[in-house]
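>>> this one's structure only:
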């Protein structure tokens, strides 16, 4: 059996860097349970571009020290997905530096690339005799904010043109506006010529992976931030990914847990796991969110049936960010927190997020893993 685990967004604030004093190990030490899987996957939502490019964590301008990778390696991560809206925060040089640093630290990487040949090479990992293909795409690169656009399109897997370019949908708009843009571009055809090459590439990647692997996972960085309801573009894109032949979709970016969706045919879509690591409350547009302190960790177990087909078993854990004595955030299984503090309000909070993620109210007791 191949056990694959996925965490939400992995972020790093200036306060974390200051308190860690170049040693981030304690941030992930309490997440030791993650090491029990065969393959641990996380979305690294910051460039690791080197000190010469300056370390920052402003709203659209991230760069984190290389020692952060050491802590992630100690935590047990194997694959870092790097196609996200912050991958161009240090321009194309930042992409090259991040790839070099991640690979030197021993990680597999997908989503950003140093060459066209590399981008066109499928990433397939054989786990317990099962060939699993991983594909990672992002909706954009924050081009609307920093006004840096890709000179080499192969460097980032994009599901649409970069923000502000014809054919792109701006996900900071209202849901009504996003819905009307999806209708205008993809149904009525206006500007479809600009987005078609991106959809064609995504379809081609999935279909090639389907032909070469036993199971195809698409990791989608997409959606409106800090909002529980799944936006129309994410719903549209997830339907396309399903249509193209991926076996499952795992989503990031919204920074809080969103409900999963199971279609009438049983097809399973994860839209957002939340923030696996962040520094307390998140500020956005003059208000704060406490919910990034809780995230889902998704467990996918794959086995081969006698007829050669793949059987999947899905479950998840709820993780909480707590603070240590130095004030550093730490990721910990909420079940462990509850075992130490068996309090009603804590139980209600954990179960609220467990039921929210699953899209139902079937969980009554705090568990290490919840079956889906």
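Looks like it came in fine. Everything quoted here is computed from the prediction, not taken from an experiment.
>>> Just the strands from the stretch 201-350 of the chain, written as ranges.
Here the stretch 201-350 of the chain has its strands, by DSSP state E, counting those that start in this stretch, at 215-221, 248-252, 261-262, 268-269, 275-277, 282-284, 287-289, 294-304, 310-323, 329-333.
>>> Those: which one's closest to residue 118?
Between residue 118 and the strands of the stretch 201-350 of the chain, the shortest gap by CB to CB is with strand 215-221, which sits at 17.4 Å. Any C-beta I mention is one placed from the backbone N, CA and C, and that applies to glycine too.
>>> Just want the angle from the closest one to strand 248-252.
Orientation check (axes from the mean of the first three to the mean of the last three CA atoms, to 10 degrees): strand 215-221 against strand 248-252 gives 20 degrees.
>>> what are the pairing partners of strand 215-221, and which direction each?
Paired strands of strand 215-221, with direction, are strand 130-138 (parallel), strand 248-252 (parallel) (DSSP bridges).
>>> Tabulate these (CSV), appending mean pLDDT.
Putting the strands paired with strand 215-221 into CSV (pLDDT from 0 to 100) gives the following:
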stretch, mean pLDDT
strand 130-138, 98
strand 248-252, 97
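>>> Rebuild these as CSV, extending it with mean neighbour count.
Below are those laid out as CSV (neighbours: other CB atoms under 10 Å):
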stretch, mean neighbour count
strand 130-138, 24
strand 248-252, 25
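>>> got TSV for those strands, with distance to residue 46 too?
Formatted as TSV, the strands paired with strand 215-221 follow (distance: least, CB to CB, whole Å):
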stretch	distance to residue 46
strand 130-138	14
strand 248-252	13
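>>> Those: which one's closest to residue 75?
Checking those against residue 75 by CB to CB gives strand 248-252 as the closest, at 17.4 Å.
>>> The closest one: how far from the chain's middle?
Strand 248-252 sits 7 Å away from the centroid of its parent chain (CA atoms, centre = their mean, to the nearest Å).
>>> Give me the contact list for that strand.
Residues outside strand 248-252 that contact it (CB atoms under 8 Å, 6 or more residues apart in numbering): 6, 8-9, 41, 43, 45, 81, 84, 215-223, 234, 238, 241-242, 258, 268-273, 298, 300, 312.
>>> Recalculate using a threshold of 7 Å.
Residues from elsewhere that reach strand 248-252 (CB atoms under 7 Å, 6 or more residues apart in numbering): 6, 8-9, 43, 84, 217-223, 238, 241, 268-273, 298.
>>> Can you select the buried ones among the residues you listed for me in ChimeraX?
Of the contacts of strand 248-252, the buried ones go into a single ChimeraX selection, burial set by 16 or more other CB atoms under 10 Å:
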select :6,8,9,43,84,217,218,219,220,221,222,223,238,241,268,269,270,271,272,273,298
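>>> which regions of this protein lie under the pLDDT threshold?
57-60, 280-292 (pLDDT under 70).
>>> quick one: contacts for the closest residue to residue 84 other than its chain neighbours?
The shortest distance from residue 84 to any non-neighbouring residue, by CB to CB, 6 or more residues apart in numbering, is to residue 221 (4.4 Å). Counting by CB under 7 Å, 6+ apart, residue 221 makes contact with 43, 83, 84, 85, 137, 138, 139, 252, 253.
>>> between those, which is nearest residue 118?
residue 83 (13.2 Å).
>>> Neighbours of the residue nearest to the closest one when sequence neighbours are not counted, how many?
Nearest non-adjacent residue to residue 83, counting by CB to CB, 6+ apart: residue 111, 2.8 Å away. Neighbour count of residue 111, defined by other CB atoms under 10 Å: 26.
>>> Give me the residues contacting the helix or strand hosting residue 92.
Assigned by DSSP states H and E, residue 92 belongs to helix 91-104. Helix 91-104 is contacted from outside by 47-50, 53, 66, 69, 80, 82, 87-88, 109, 112, 114, 148, 150-152, 155, using CB under 7 Å, 6+ apart.
>>> from these, which ones fall inside helices?
With helices taken from DSSP state H, the overlap with the contacts of helix 91-104 comprises residue 69.
>>> Would you map the strands across the stretch 51-200 of the chain?
Along the stretch 51-200 of the chain, counting by DSSP E, counting those that start in this stretch, strands occupy 56-58, 61-63, 79-81, 108-110, 124-127, 130-138.
>>> Out of these, which gets nearest to residue 325?
Nearest of the strands of the stretch 51-200 of the chain to residue 325, taken as CB to CB: strand 56-58 at 22.7 Å.
>>> so the residue nearest to residue 84 bridges to which residues?
Going by DSSP bridges, residue 221 forms beta bridges with residue 138, residue 252.
>>> Distance check, it against residue 310.
Distance of residue 221 to residue 310, given as CB to CB, to the nearest Å: 25 Å.
>>> dump the residue contacts of residue 209.
122, 133, 135, 216.
>>> one step back: buried ones among the contacts of helix 91-104?
47-50, 53, 66, 69, 80, 82, 87-88, 109, 112, 114, 148, 150, 155.
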